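A.B. asks: Got a sequence here, can you model it:
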Amino acid sequence: MVMPAGSRNVYDPRQSRKAEFIQDRLQVLDRLTVESTDLLDVLGQTLHQLTALTAPIHSRATALTNAQQNIAVAKQAVDHLLEHLETSRRVQSVLEAGPGKDLDGFLDALSQLEHSNVFLQQHGSLAAVSQALAHSQQVFNRALEQCDADFRATLAASSRGHAPTTAWLRSNLDADLAVGSPAEATLDLIPSSVLPKLRRMVEIMLEAGYEIAQQGYIQLRDKVLHQALQELGIDSHHPVAAAAVALMGSEVLEKHISGWTTELRAVTLLLVSEQQLAHSIWPSSVSQEVFARLASPHLVNVVQAGRTIVEATRMPDKVFSLLSMHKHLQASLPVLQDLLRGAQGNTDRLLGDLSALLRLISNAAASLFGAYEEGVARDSNKVLPMDGTIHPLTAQVLSYMKRLLSYENAADVMYRSSSGSQVHSEQPDPQDIFPGPPMRTTGSGEAKSALSAGVARLLMQLLDNLEVKSRAYKNDAIAALFLMNNVHYVQWSVENTPAALKLLGEEWLERHKDAVEDWGAKYHDITWMPLVNMLKVWCLSGLMRVQNL
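C.D. replies: Residues are numbered from 1 along each chain as shown. Below is the predicted model:
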């Protein structure tokens, strides 16, 4: 501290004591620091020695801990293996009792055994596993067989009281199934209370890869379908051979064709309910395939029987049966396509065969109509009515025309081309069997125009043939009367048949009325003109005699 000039150093006892006190404390602190350092050195050496002494103990403890953990894991694995080894014996009594008494217990035991089998197969290299796995698999297979047997028995028993009756089938044969399958045309084929049990058994069997269950279901439902068809008088298991159909008389063939249309509608109707049942029992992954396997044989029978009928039906008057077949098949085909949509296997080919059959019927109808037209033109029956009245050929052709026009689908069937894409079919091309019309139209109006031309051509062939036949009369008056009566009957029939009049038109009608008048005038000229001339001569001669008098 700088003192002011002229000042003196003054001794301060308090500051001196403080300085001495601080110095003593610093000395104590130095001493403690030295002692602490020495103590820490000693402790460090001791800790190092302790670490060296405990290192072997720590190593042994770690090894023992790892060993203990390994033992626990091994024990758990052995216990798990023993548990799976004993599963088959533990659940054997439950499985041998079958699913009838305790379905839940049976299915749980079967599920446990399946899980154990999977585990044992993964550890098949162990010597103790092979024998246990063989026993477990044997028990499992027997249990699946029992499950399948109970599944079939339950399905068969529940189907008996709910099978389609003949009355229900006949009342719904003409139902419109194309509009969402109305409820009245769909039947519950088994009680709904049984469905959960059947579904659970199906799930277990499918998980186990037991595909025999599907075949069993198909066989049982096929039997129900066959019985339902049999009650309608249809034996789908024994179709009529083509040779037998070819030898059938007219009435028998007509009955056979009616049976085919009944079978087609009945099969379509029954399959709607069968698909609903299949989807109620089987998982979505397999339900459509199971249903398709059930439906395919029946549809194959329908296709084969239909082709046999068409190929054997060569008589022109059977065109009406073909029109009826076409009508029913055309109504059923969209329903069948919807039912079989998404199914695997040969369903695409089967649908293609149905479409090919539809085209075959169409071509056959057109071909038979053309053959009938040619037959009318070539008719050589020389028997004529002695009094010049209606010829049997005229009555037959007009009856044929009226019946043909009573079918609303006649024009589209015979002259309109099929719409939509063609599905692959292994059947022969219908054009190779029945050529049909050379040109088919695409519109309904064009088809009606084509039918109009065909009917007009048919009537023209008839009238031309009648004119040729009239030349066989030795009396020209009777010939003219014959043509007048027949042309008038044709004109009158067309005029009183709305469908024919709409098709042929007023111009055609007036033209043939004129023809009737012409033939009538000719008849009068031939029959009455000589008498009139005679009367004229008589009158003139009488008048001359009177004048001479």
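A.B. asks: which residues touch residue 485?
C.D. replies: 388-390 (C-beta atoms under 8 Å, 6 or more residues apart in numbering). All C-beta spots, glycine's among them, are computed from the backbone N, C-alpha and C.
A.B. asks: could these go into TSV alongside pLDDT and distance to residue 361?
C.D. replies: TSV is the format used below for these (pLDDT from 0 to 100; distance: C-beta to C-beta, whole Å):
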residue	pLDDT	distance to residue 361
388	85	41
389	89	38
390	90	33
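A.B. asks: With respect to residue 204, which of the residues you listed is nearest?
C.D. replies: Comparing these against residue 204 with C-beta to C-beta places residue 390 closest, at 76.7 Å.
A.B. asks: Can you tell me the closest non-neighbouring residue to the closest one?
C.D. replies: Closest residue in space to residue 390, ignoring its immediate chain neighbours: residue 489 at 5.3 Å, by C-beta to C-beta, 6 or more residues apart in numbering.
A.B. asks: Tell me how far that neighbour lies from residue 516.
C.D. replies: Between residue 489 and residue 516 the computed distance is 9 Å (C-beta to C-beta, to the nearest Å).
A.B. asks: Name the residues of stretch 289-298 that are buried.
C.D. replies: Using 16 or more other C-beta atoms under 10 Å as the test for burial, stretch 289-298 gives 289-296, 298.
A.B. asks: by contact count, what packs against the helix or strand where residue 399 lies?
C.D. replies: Per DSSP states H and E, residue 399 falls inside helix 392-405. Here helix 392-405 touches helix 319-339, helix 347-378, helix 444-470, helix 476-495, helix 498-548, going by 3 or more C-beta pairs under 8 Å, 6 or more residues apart in numbering; DSSP states H and E.
A.B. asks: outside of stretch 450-466, which residues touch it?
C.D. replies: Contact with stretch 450-466 is made by 369, 372-373, 376-377, 379, 391, 393-394, 397, 401, 404-405, 410-411, 414-415, 437, 441, 482-483, 486-487, 490, 494, 500, 503-505, 508, as judged by C-beta under 8 Å, 6+ apart.
A.B. asks: Any buried residues in it, and which?
C.D. replies: 450-452, 454-456, 458-459, 461-463, 465-466.
A.B. asks: Could you do stretch 186-205 as well?
C.D. replies: 186-187, 189-190, 194, 197-198, 200-202, 204-205.
A.B. asks: ok, so of the contacts of residue 485, who is nearest residue 333?
C.D. replies: Ranked by distance to residue 333 (C-beta to C-beta), the contacts of residue 485 are led by residue 390 at 42.1 Å.
A.B. asks: ok, residue 159 touching residue 189?
C.D. replies: Yes: with contact defined as C-beta atoms under 8 Å, residue 159 reaches residue 189; the gap is 6.4 Å.
A.B. asks: intersection of neighbour lists for these two?
C.D. replies: Residues touching both residue 159 and residue 189 (C-beta under 8 Å, 6+ apart): residue 224.
A.B. asks: returning to what we had before: hmm, which of the contacts of stretch 450-466 are the buried ones?
C.D. replies: If we count by 16+ other C-beta under 10 Å, these have these buried: 369, 372-373, 376, 379, 391, 393-394, 397, 401, 404-405, 410-411, 414-415, 437, 441, 482-483, 486-487, 490, 494, 500, 503-504, 508.
A.B. asks: Can you tell me which of the contacts of residue 485 lies closest to residue 55?
C.D. replies: Using C-beta to C-beta, these come closest to residue 55 at residue 390, 131.8 Å.
A.B. asks: looking at this, the closest one is in a helix?
C.D. replies: No: according to DSSP: H, G, I helix; E, B strand; the rest coil, residue 390 belongs to no helix; its state is coil.
A.B. asks: any idea how far it is from residue 496?
C.D. replies: To residue 496, residue 390 is 15 Å away according to C-beta to C-beta.
A.B. asks: For residue 545, give me the pLDDT.
C.D. replies: For residue 545, the pLDDT comes out at 64.
A.B. asks: no, scratch that, I was asking about residue 86
C.D. replies: For residue 86, the pLDDT comes out at 55.
A.B. asks: so where do the helices sit in the stretch 101-250 of the chain?
C.D. replies: Under the criterion DSSP state H, counting those that start in this stretch, helices of the stretch 101-250 of the chain are mapped to 103-122, 127-160, 166-172, 195-207, 212-231, 242-246, 250-281.
A.B. asks: Which elements pack onto the third one?
C.D. replies: In this structure, helix 166-172 makes packing contacts with helix 212-231, helix 250-281, judged by 3+ C-beta pairs under 8 Å, 6+ apart.
A.B. asks: export those to a markdown table and tack on distance to residue 52?
C.D. replies: Listed next are these as a markdown table, based on distance: least, C-beta to C-beta, whole Å:
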| stretch | distance to residue 52 |
| --- | --- |
| helix 212-231 | 73 |
| helix 250-281 | 77 |
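A.B. asks: Out of those, indicate the one that is most buried.
C.D. replies: With neighbours defined as mean count of other C-beta atoms under 10 Å, the helices and strands packed on helix 166-172 peak in mean count at helix 250-281, which reaches a mean of 19.
A.B. asks: and that one with helix 195-207, angle?
C.D. replies: Computed by axes from the mean of the first three to the mean of the last three C-alpha atoms, to 10 degrees, the angle separating helix 250-281 from helix 195-207 equals 80 degrees.
A.B. asks: re earlier: so which of the buried residues of stretch 186-205 is the closest to residue 284?
C.D. replies: Nearest member of the buried residues of stretch 186-205 to residue 284, counting by C-beta to C-beta, is residue 202, at 12.1 Å.
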